[in-house]
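Asks: give me a 3D structure for the following:
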Amino acid sequence: MLLRAAALLLICASAPAAAQEQPAPSPAAISLPVLAADLAYGFCPMLMNGDASLNANADLIALGFPAMAQAVTNARLPDFALLGQTTASGDVTVGGIPQSICEVSVIGEQAEAALVTLRSGLTDLGLALEPDAANSGPVPQGNGIVEALKMPLPEGGVVRVQFLQASLSSGAPLASFQIMFQEQ
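Replies: Numbers count the residues shown, from 1 in each chain. Model prediction:
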């Protein structure tokens, strides 16, 4: 647990203080790519550190998300919860497990632009990430590609970041960002 705490402090210490202190903009005033990046690099570090919750989060509610997250059925991540909203430009979701994983996804016409914005904001984490070729490449279902990065921790464990570009069975484009901590 000490290892996890050290990794999470590293993630959260690098999150820009301004992103943590600014009031949330109105939902109509922010594009989906910008919203996705704000969630990935502002909210996710706080969730990873245990300083924020998906449920009854006033900032997320102000951005148009529901007050209560929905449990997601996933055998590998049984505690994963998700918030989502639909806008005129597409869908956006944010979810995760505090102190373990955080994911932000955009579905629809803004997915490609969201992926570009998410990749360009990666330096906001302030982590020395390196390519993770073993976890990069086509997804097993063949409908997308993952770009994985990692940062091994001196005490053991690893921080991982993944970008996913895919299309759903409906044909809708999907862009996703994940940050996670894994003990080794």
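Asks: please tell me how far Ile61 sits from Ala114.
Replies: According to CB to CB, to the nearest Å, Ile61 and Ala114 sit 21 Å apart. C-beta: built from backbone N, CA, C; applies to glycine.
Asks: name the nearest residue to Met151, ignoring sequence neighbours.
Replies: Val159 (4.6 Å; CB to CB, 6 or more residues apart in numbering).
Asks: quick check, the one you found in a strand?
Replies: Yes - judged by DSSP: H, G, I helix; E, B strand; the rest coil, Val159 forms part of a strand.
Asks: give me the pLDDT for it.
Replies: On pLDDT, Val159 comes in at 94.
Asks: separation between it and Ser100?
Replies: From Val159 over to Ser100 (counting by CB to CB), the distance is 11 Å.
Asks: looking at the two, which is more packed in?
Replies: Set side by side, Val159 and Ser100 show more neighbours around Val159, with 22 against 18, by other CB atoms under 10 Å.
Asks: quickly list what the more buried one is bridged to.
Replies: Residues in a beta bridge with Val159, per DSSP bridges, are Met151, Phe181.
Asks: that one touches Leu127, doesn't it?
Replies: Yes - the criterion here is CB atoms under 8 Å, and Val159 meets it with Leu127 at 6.2 Å.
Asks: any idea which residue is closest to the centre of this protein?
Replies: The chain has Glu103 as the residue nearest its centroid, 3.1 Å off, counting by CA atoms, centre = their mean.
Asks: pretty sure that one is touching Leu164, no?
Replies: No - at 9.3 Å, Glu103 does not count as touching Leu164 under the criterion of CB under 8 Å.
Asks: what residues are shared contacts of the two?
Replies: Counting by CB atoms under 8 Å, 6 or more residues apart in numbering, the common neighbours of Glu103 and Leu164 are 176-178.
Asks: which of the residues you listed sits closest to Thr93?
Replies: Among these, Ser176 lies closest to Thr93 (CB to CB), at 8.7 Å.
Asks: which residues does the closest one bridge with?
Replies: Ser176 has these beta-bridge partners by DSSP bridges: Ser105, Leu164.
Asks: got a list of what it touches?
Replies: Contact analysis of Ser176 by CB under 8 Å, 6+ apart lists 103-106, 162-164, 166.
Asks: please enumerate the helices of the chain.
Replies: Applying DSSP state H to the chain gives helices spanning 2-14, 17-21, 32-38, 44-49, 58-62, 111-120.
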